[in-house]
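Enquirer: Just need the structure, nothing else, for what follows:
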Amino acid sequence: MDQKLALCVAGRCWLLTGLRGVFLYCFALGIGLAACGYRFVGDAVHAPGDIESIAVGVLENRTTIVGIETIFTKALLNEFIRAQRLAVKQPIEADAVLSGAITGIKTDAASHLEAEKTLETRVTITLSLTLKHRGSGEILWENTSLSYYQEYTDTGLPLATSENRRLAIAYIADYLAEKVYQDIFARF
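Expert: Residues are numbered from 1 along each chain as shown. Alright, predicted model coming up:
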């Protein structure tokens, strides 16, 4: 079956067929978007201070949740590895080091099944992060009150509720890691 596409530019249309037509259509679309100045969010050319590599230090845990620092450190590390914009290296080799702490965790009842039985709980986590140039110690980026929340279901069964809480915390970690990455590149 032959694929057919219509390419319309400035009121004129052409019928494009086959693989060659698809290629021409994609090429024209790319040129059009580039000419209009469209770009992807966080698509900056340079990192702050023109750094080319980053290290992600293990976050300090100032909460009562044992092991939460591992979840957030891993999420930050995975985000920088996934994006591939900066080389991820050990702290002694990197141009800059991202470090900080999990400064708070707060839980509130989000909804109730009965007057004294919680159905959903909202967990809010706050971070304080700093990106410093390793050589000069210059602060390239900082956010001391980065926060996000997620609800989880209280099933009444301790193991299931604990797993729901763990999943909510992992979601917050992934969300904040992506936000940190975007914020670091947003100003440059």
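Enquirer: Which strands and helices lie in contact with the helix or strand hosting Tyr152?
Expert: If you go by DSSP states H and E, Tyr152 is part of strand 139-153. Applying 3 or more CB pairs under 8 Å, 6 or more residues apart in numbering; DSSP states H and E, we find strand 139-153 packed against strand 96-114, strand 117-133, helix 158-186. From N, CA and C alone the C-beta is placed, and that goes for glycine too.
Enquirer: Can you pull the domain assignment for the chain?
Expert: 4-35, 48-186 (automatic domain parsing).
Enquirer: rewinding a little: sheet partners, orientation included, of the strand holding Tyr152?
Expert: If you go by DSSP bridges, strand 139-153 pairs up with strand 117-133 (antiparallel).
Enquirer: List the buried residues of the strand it pairs with.
Expert: Across strand 117-133, burial judged by 16 or more other CB atoms under 10 Å covers 118, 120-121, 123, 125-133.
Enquirer: Hey, what's the angle from that strand to helix 158-186? Just curious.
Expert: 30 degrees (axes from the mean of the first three to the mean of the last three CA atoms, to 10 degrees).
Enquirer: so how many other residues sit close to Ser162?
Expert: Using other CB atoms under 10 Å, Ser162 has 12 neighbouring residues.
Enquirer: tell me the phi and psi of Thr155?
Expert: Phi and psi for Thr155, reported as degrees, to the nearest 10, are phi -80, psi -10.
Enquirer: By mean pLDDT, which helix or strand of the chain comes out lowest?
Expert: strand 4-9 (a mean of 50; mean pLDDT, DSSP states H and E).
Enquirer: Show the end-to-end separation of stretch 128-142, please.
Expert: With CA to CA, to the nearest Å applied, stretch 128-142 spans 8 Å between its terminal residues.
Enquirer: Please state the mean pLDDT value computed over it.
Expert: Summarised as a single mean, pLDDT over stretch 128-142 is 95.
Enquirer: What lies in contact with that stretch?
Expert: Under the contact criterion CB atoms under 8 Å, 6 or more residues apart in numbering, stretch 128-142 has outside partners 47-49, 51, 54-55, 59, 91, 94-101, 103, 143-146, 180, 183-184, 187.
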